[in-house]
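A.B. asks: Got a sequence here, can you model it:
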Amino acid sequence: MPTSITYNPRCSKCRQTLELLRQRGIEPELLLYLEEPLTKRELTHTIQKLKVDPRVLVRFNEPLARELGLSPVDERSRSAWIDLLTKNPALIERPIVIRGERAVLGRPPENVLGLL
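C.D. replies: Alright, predicted model coming up:
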């Protein structure tokens, strides 16, 4: 089954999650989302597969989030959060592993075991 991972090579959780997948014989497609940002459509589908509110994927502790004045209690629409993440991919929590019609956030990396 096709598997992909939103991947940042500098992120230890991304590296750990990738290694966990490889140990189980899965070579996922690496989505280097900082180099090639996800489109609004791709991000929307990912969020649907995760079955979460978009703000769950916002890294509120990032300096950029503080610079933009973001807060988990902001009253933004689902679409506005997705637009914000599409325009600022550094704010997207990672890694996200997508396998078929399901997805999971790899924090901790062991979360991906439920997809396998």
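A.B. asks: residue boundaries of the helices in the protein?
C.D. replies: With DSSP state H, the ranges of helices along the chain come out as 12-23, 40-50, 63-67, 78-87.
A.B. asks: So for residue 3, which of those sits nearest?
C.D. replies: Smallest distance to residue 3 across the helices of the chain (Cβ to Cβ): 6.9 Å, for helix 12-23. In short, each C-beta sits where N, CA and C put it, glycine included.
A.B. asks: how far does that closest one sit from the chain's center?
C.D. replies: Centroid separation for helix 12-23 versus its chain: 14 Å, with Cα atoms, centre = their mean, to the nearest Å.
A.B. asks: follow-up on the earlier one: out of the helices of the chain, flag the one nearest residue 95.
C.D. replies: helix 12-23 (4.4 Å).
A.B. asks: any weak-confidence spans in this protein?
C.D. replies: For the chain, applying pLDDT under 70 flags no range at all.
A.B. asks: which residues are contacting stretch 100-109?
C.D. replies: 1-2, 5, 13-14, 16-17, 20, 46, 49-50, 52, 56-57, 93-97, 111-112, 114-115 (Cβ atoms under 8 Å, 6 or more residues apart in numbering).
A.B. asks: Thank you, goodbye.
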